[in-house]
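# Mind folding the following:
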Amino acid sequence: MNKKICRVSAMCILTFTFYSCGSTPKVQEYTPDSSEAVPITMPKRDRSFFSGVSPEALAAIENGSPDSIRYAYSILRSNASDYTEQEKILLNVAKAFFQILWTSETLNFEVPEVSTQNSYIGAIESARQGIYDLSTGNKDFLTILLPSLVLAISESRTDYYPQAQEALTEALKLNGSSVVANYLMGILCRRQGDYEAALRYFSVCRENSSDGIEILYALADCNYKLKRYEEAYSLAKAASDRNPYYKPALKICAETCFVLNRLDECEAYVGRVLQQEPENAYYVLFRARILIQKNDYIRAASLLDVYARSDTNSRDYLVLRAKVQKEWNKNISSAAQTIEKALELYPDDSEIILTAASLASESGNRIGGKSAGELAAVILEKDSQNISAQQIRINDLMQKKQWNEAYKVSTALRQNKNAPASSVYTHISICLASDRKEEAWNLASSLYSKKSDDETVVQNYVKVLVATGRTGEAGRIINQQIENNCSSKMKSFLLYEHSFIVSGEEAVLADLRNSLTANPRNKDALYRLYQIYYNKKEYRKAQYYLKQVVALSPADENLLKLNAELETLLSK
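Predicted structure coming up:
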């Protein structure tokens, strides 16, 4: 380990203990008495080129933060004709830091022109052209560091990353407190997807400089990528508070507010972006996305209509249009057609595939030639833990009555800590259908012991009581719930279950008819009445009830087959 001491401000000495690359330097701050002179202890290295320059000014330039650069200028400030060539080079390096790294800051001093070719200005000019300069000679801190400025200018090339990594590591060994070196290393780590390492470097920048907007934004962006949304929002808001027009911070604020469901704040940030970029298609559609999330479908639809005048093939447009068609127009067929077009244009897009799977599941129709289960399987091949895809896959298997396979997928879903609470109720139904009654009983009784006043819990508990032959307890709860004036849907469900514990056909039929009086759309009661009359060979009555079930599930292939069979029987 090497001890480094370097000047950052007029009243502070920072001591750094530098560890291996990727670690965070430890910082101890000492603030001297105002009467003390503040020494600058520089690392031992070749300084021959800048030997005539104030060591304090050179240290401040190497630190590279806006405040340090201004401090360096206050030391070097002179008439243009009085600057040495070395001082001119340093001031031009400082100017490059402002123009390339600290673009939101104002450069409020004149910079003299450099009259001779040199490796420092050459490295900067190469970086501006998107080139990593390998010819600087690496003779001091700045010649080692400056080629890496290309990281902040161009993202098109990556072939120089190993050289930049090596150079910045060496620069940080020479001056572990340098804001500019830590900032560039943070950019490199972020570019390579190592957001934790990037955070460490950007945090050192923040510790060793005032809260610069670019540094705050870099920290916010890394936290956003790591899904630390509250911290990301706090940092981005701090940046936007310092500069209300700084678009990168406004955009992070908008994105984090949307994730955190702060929709009014999100809409305000999106509006501020659009004030500066009124033609920004992403944020026009982002506003529509917010309105849809707020169930303001009229304004969302109007916004999409305006957008469609110039583009009807945008990925986001198609996804949002399908949502409006499904949720507001209640036109699943149109929504399916829209998302089918999206599938053709973006066949590998996971969100589009998942949306298509959801629509296929609700409509019972194939989209893009694939069923809901097949579309969900495509997602699960890429992401086996995708909760939405697992739920669609389970529903598809249940509809096909493939109970054992449904049980496997449902069990896997329930092992996911992020599985929705409703997954346990689906699992109970699967357990009953696949003759795993003991497991269903254990789940339902445990839920009821904790939440006996929850309507969904009571429904599942009663269902399991009836299925496992615990009819006395089932009857008691059913009567108690009906006496307590439960909702009409709950009453319909209870009477349907009660039909399984009464004896005699008339009593069964009475319960089922009363169930339908409470809720005429109770598919279970309608289907059971169909079964009863079918078994009695009263096909006309059976068809009466089956047609109502088909009307509620028009794409269910099993129901359509049963209805076709009845048509045949009635035609004889």
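
# Who's the closest spatial neighbour of residue 474, skipping the chain neighbours?
On the basis of C-beta to C-beta, 6 or more residues apart in numbering, the spatially nearest residue to residue 474 that is not a chain neighbour turns out to be residue 465, at 3.8 Å. C-beta here means a position set from N, CA and C on the backbone, and glycine is covered the same way.

# Now the one you found: which helix or strand?
According to DSSP states H and E, residue 465 maps onto helix 455-467.

# so what secondary structure elements neighbour that helix?
Counting contacts by 3 or more C-beta pairs under 8 Å, 6 or more residues apart in numbering; DSSP states H and E, the secondary-structure elements packed against helix 455-467 are helix 423-433, helix 437-450, helix 471-483, helix 488-498.

# CA atoms only: put the helix or strand containing residue 189 into PDB for me.
Taking DSSP H and E as the definition, one finds residue 189 inside helix 179-191. Provided in PDB are the C-alpha atoms of helix 179-191 (Å, rounded to 0.1, in the frame of the first residue of the first chain):
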ATOM      1  CA  VAL A 179     -11.600  13.200  -9.200                       C
ATOM      2  CA  VAL A 180     -11.000  13.000 -13.000                       C
ATOM      3  CA  ALA A 181      -9.200   9.600 -12.800                       C
ATOM      4  CA  ASN A 182     -11.900   8.100 -10.600                       C
ATOM      5  CA  TYR A 183     -14.600   9.500 -12.800                       C
ATOM      6  CA  LEU A 184     -13.100   8.100 -16.000                       C
ATOM      7  CA  MET A 185     -12.500   4.700 -14.300                       C
ATOM      8  CA  GLY A 186     -16.200   4.900 -13.200                       C
ATOM      9  CA  ILE A 187     -17.300   5.500 -16.800                       C
ATOM     10  CA  LEU A 188     -15.200   2.500 -17.900                       C
ATOM     11  CA  CYS A 189     -16.700   0.200 -15.300                       C
ATOM     12  CA  ARG A 190     -20.200   1.400 -16.100                       C
ATOM     13  CA  ARG A 191     -19.600   0.900 -19.800                       C
END
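
# Check which helices and strands that helix sits against.
Applying 3+ C-beta pairs under 8 Å, 6+ apart, we find helix 179-191 packed against helix 55-63, helix 141-145, helix 161-174, helix 195-207, helix 213-225.

# Now mean neighbour count too, for these, in a markdown table please.
Listed next are the helices and strands packed on helix 179-191 as a markdown table, based on neighbours: other C-beta atoms under 10 Å:
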| stretch | mean neighbour count |
| --- | --- |
| helix 55-63 | 25 |
| helix 141-145 | 25 |
| helix 161-174 | 19 |
| helix 195-207 | 21 |
| helix 213-225 | 23 |
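
# quick one, which of these is nearest to residue 396?
Closest approach to residue 396 among the helices and strands packed on helix 179-191 (C-beta to C-beta): helix 213-225, 33.6 Å.

# In stretch 421-436, which residues are buried?
Applying a neighbour-count criterion of 16 or more other C-beta atoms under 10 Å, one finds 423-434, 436 buried in stretch 421-436.

# and which of the residues you listed is nearest to residue 531?
The shortest separation between residue 531 and any of the buried residues of stretch 421-436 is 15.9 Å, and it belongs to residue 433 (by C-beta to C-beta).

# you'd agree the closest one is up against residue 404?
No. Residue 433 sits out of contact with residue 404 when judged by C-beta atoms under 8 Å, with a separation of 9.8 Å.

# Pull the residues that contact stretch 158-171.
Defining contact as C-beta atoms under 8 Å, 6 or more residues apart in numbering, one finds that stretch 158-171 is touched by 21, 132, 134, 138, 141, 144-145, 147-148, 150-151, 178, 181, 184-185, 188, 191-192.

# Ok, stretch 400-419 next?
373, 385, 387, 390-391, 393-394, 397-398, 423-424, 426-427, 430-431, 433-434, 436, 558.

# how long is it end to end?
Taking C-alpha to C-alpha, to the nearest Å, stretch 400-419 runs 23 Å from one end to the other.

# Give me the distance between it and the centre of its chain.
When C-alpha coordinates are averaged (C-alpha atoms, centre = their mean, to the nearest Å), stretch 400-419 and its chain have centres 25 Å apart.

# What of stretch 392-400?
Relative to the mean C-alpha coordinate of its chain, stretch 392-400 is positioned 27 Å out (C-alpha atoms, centre = their mean).

# cool, stretch 159-168 as well?
30 Å.

# Pull up the per-residue confidence for the residue nearest to residue 474.
Listed pLDDT for residue 465 reads 96.

# now swap in residue 80 and tell me
The pLDDT attached to residue 80 in the predicted structure is 59.

# before we move on, what about residue 76?
Reported pLDDT at residue 76 in the predicted model: 88.

# which ones are touching it?
By C-beta under 8 Å, 6+ apart, the contact set of residue 76 is 53-54, 57, 83, 87, 90-91.

# Quick check on these: which are buried?
Applying 16+ other C-beta under 10 Å to the contacts of residue 76 flags 53, 57, 83, 87, 90-91 as buried.

# centre of the chain versus the strand or helix carrying residue 390, how much separation?
Counting by DSSP H and E, the secondary-structure element that holds residue 390 is helix 387-399. Centroid separation between helix 387-399 and its chain, computed with C-alpha atoms, centre = their mean, is 23 Å.

# Quick check: residue 97 vs residue 335, distance?
As for residue 97, its distance to residue 335 is 52 Å (criterion: C-beta to C-beta, to the nearest Å).

# do residue 391 as well
With distances defined as C-beta to C-beta, the gap from residue 391 to residue 335 amounts to 19 Å.

# Over to residue 476?
Taken as C-beta to C-beta, the spacing of residue 476 relative to residue 335 amounts to 45 Å.

# So if I had to pick from those two, which one is more boxed in?
Between residue 476 and residue 335, counted using other C-beta atoms under 10 Å, the more crowded position is residue 335 (25 against 11).

# Torsion angles phi and psi at that one?
Summarising the backbone geometry of residue 335 under the convention degrees, to the nearest 10, its torsions are phi -60, psi -40.

# same check, this time on residue 367
phi -120, psi 120.

# what about it, how many residues close to it?
Burial of residue 367 is recorded as 25 neighbouring residues (other C-beta under 10 Å).

# ok, it - contacts?
Residues counted as contacts of residue 367 (C-beta under 8 Å, 6+ apart) are 336, 339-340, 343, 356-357, 359-360, 375.

# what pairs with it across the strands?
residue 370 (DSSP bridges).

# Okay, it and residue 358: tell me how far apart.
Residue 367 is 10 Å from residue 358, where distance means C-beta to C-beta.

# Check residue 458 too.
Spatial separation of residue 458 from residue 358 under the definition C-beta to C-beta is 29 Å.
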